[in-house]
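Chemist: What follows is a predicted structure for the sequence shown.
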Amino acid sequence: MKIRKYLSYIFYFIIMIAPIVLVILPVDHFDKGQTMCLSVLLLDIECYACGMTRAIMHLIHFDIAGAWGFNKLAFLVLPLLFPFWLKSVFIVFNKKLPVLMEKYM
C-alpha cells in the first residue's frame, strides 16, 4: 500500500512540473519530427487530437496564430486542463481543495 501511495505522489509531481518544463522548452520544440498519432501512422487519417501537443505548446508561449494552425481545439482544452493541474498541486502539497473546486472535481 505504501508503494502505491508513493507512486501516486510521483505521478502528481510529474503532472505538477510538466507545465513548467513546457514553458522552459522553446516554442518549436515539438514542431519537427515524426508524428506519434496512431491514426496517422496506421490509417493516414488525422484525428481530432492531431497537433494538440504542438498547439498547446504554442498557446503556452502566446503564439496564437501558430496554435490555431495546429489545432483549434487547444483553445478549449488548455483552460479545461488548468483545474486538473491545480488539483494535483494541492494534492502534492497536502492542502485541502477549495470548496468550489471540491464540489466540481
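Modeler: That came through, no problem. Numbering: from 1, shown residues only.
Chemist: Just checking, which helix or strand of this structure averages the lowest pLDDT?
Modeler: Across the helices and strands of the chain, mean pLDDT, DSSP states H and E gives its lowest value to helix 99-104, namely a mean of 66.
Chemist: Let me see the backbone angles for the residue nearest to the spatial centre of the chain.
Modeler: In the chain, the centroid-proximal residue (CA atoms, centre = their mean) is residue 81; its distance is 6.5 Å. Dihedral angles of residue 81 (phi, psi; degrees, to the nearest 10) stand at phi -80, psi -30.
Chemist: Quick one: mean pLDDT for the helix or strand containing residue 84?
Modeler: Assigned by DSSP states H and E, residue 84 falls within helix 74-92. For helix 74-92, the mean per-residue pLDDT is 86.
Chemist: what's around residue 83, how many residues?
Modeler: By other CB atoms under 10 Å, the residues close to residue 83 number 14. Just so you know, the C-beta spots here come from the backbone N, C-alpha and C atoms, and that holds for glycine as well.
Chemist: about what we covered before: what is the helix holding residue 84 packed up against?
Modeler: Applying 3 or more CB pairs under 8 Å, 6 or more residues apart in numbering; DSSP states H and E, we find helix 74-92 packed against helix 2-24, helix 52-60, helix 64-70, helix 99-104.
Chemist: then the third one to PDB, C-alphas only?
Modeler: Yep, that's helix 64-70 we're talking about. This file holds the C-alpha atoms of helix 64-70, laid out as PDB (Å, rounded to 0.1, in the frame of the first residue of the first chain):
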ATOM      1  CA  ILE A  64      -2.000  32.400 -31.000                       C
ATOM      2  CA  ALA A  65      -1.700  32.000 -34.800                       C
ATOM      3  CA  GLY A  66       0.600  29.000 -34.500                       C
ATOM      4  CA  ALA A  67      -1.700  27.300 -32.000                       C
ATOM      5  CA  TRP A  68      -4.700  28.000 -34.200                       C
ATOM      6  CA  GLY A  69      -2.900  26.400 -37.200                       C
ATOM      7  CA  PHE A  70      -2.000  23.200 -35.400                       C
END
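Chemist: tell me which residues of it are tucked away?
Modeler: Using 16 or more other CB atoms under 10 Å as the test for burial, helix 64-70 gives 66, 67, 70.
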